[in-house]
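fold the following for me, if possible:
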Amino acid sequence: MENKVSVISIILKDEEAAGAVNDLLHEFREYIVGRMGIPYRSRGVSIISIVIDAPQDATSSLSGKLGMIRGVTAKTLTAKI
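So this is what the prediction gives:
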């Protein structure tokens with residue numbers, strides 16, 4: 001299957017979800033090109049952007065698993081390149 005470049009945007013509303021998110025990202029580390037995390041303390045959330053180069057099924061799997069974690073919202077944008 002062909003790899004595609006995607007960005008997964010993650011918003012953590014529950015600080016306790018950070019461990020589960022990091023565990024998942026570690027599981028998919030072979031696809032991760034880069035990661036940026038921003039603690040937005042005045043709003044009580046953390047925002048993470050992940051750039052991945054992966055087959056579509058791996059991207060969907062990661063995004064879906066992230067979205068199933070309580071206190072986490074994840075959205076994916078895939079480039080047509």
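
next helix or strand past whichever helix in the chain runs longest?
Assignment by DSSP state H gives helix 56-67 as the longest helix of the chain. Counting by DSSP states H and E, the next helix or strand C-terminal to helix 56-67 is strand 72-78.

and that next one, what does it pack against?
The elements that strand 72-78 packs onto, with contact taken as 3 or more CB pairs under 8 Å, 6 or more residues apart in numbering; DSSP states H and E, are strand 3-12, helix 56-67. Glycine gets a C-beta too; all of them are placed from N, C-alpha and C.

between strand 72-78 and the longest helix of the chain, find me the angle.
Calculated by axes from the mean of the first three to the mean of the last three CA atoms, to 10 degrees, helix 56-67 forms an angle of 160 degrees with strand 72-78.

which of the residues in helix 56-67 are buried?
A58, T59, L62, S63, K65, L66 (16 or more other CB atoms under 10 Å).

ok, and the closest non-adjacent residue to the fourth one?
Spelled out, that is S63. Once flanking residues are discounted, S63 sits nearest to T76: 4.5 Å by CB to CB, 6 or more residues apart in numbering.
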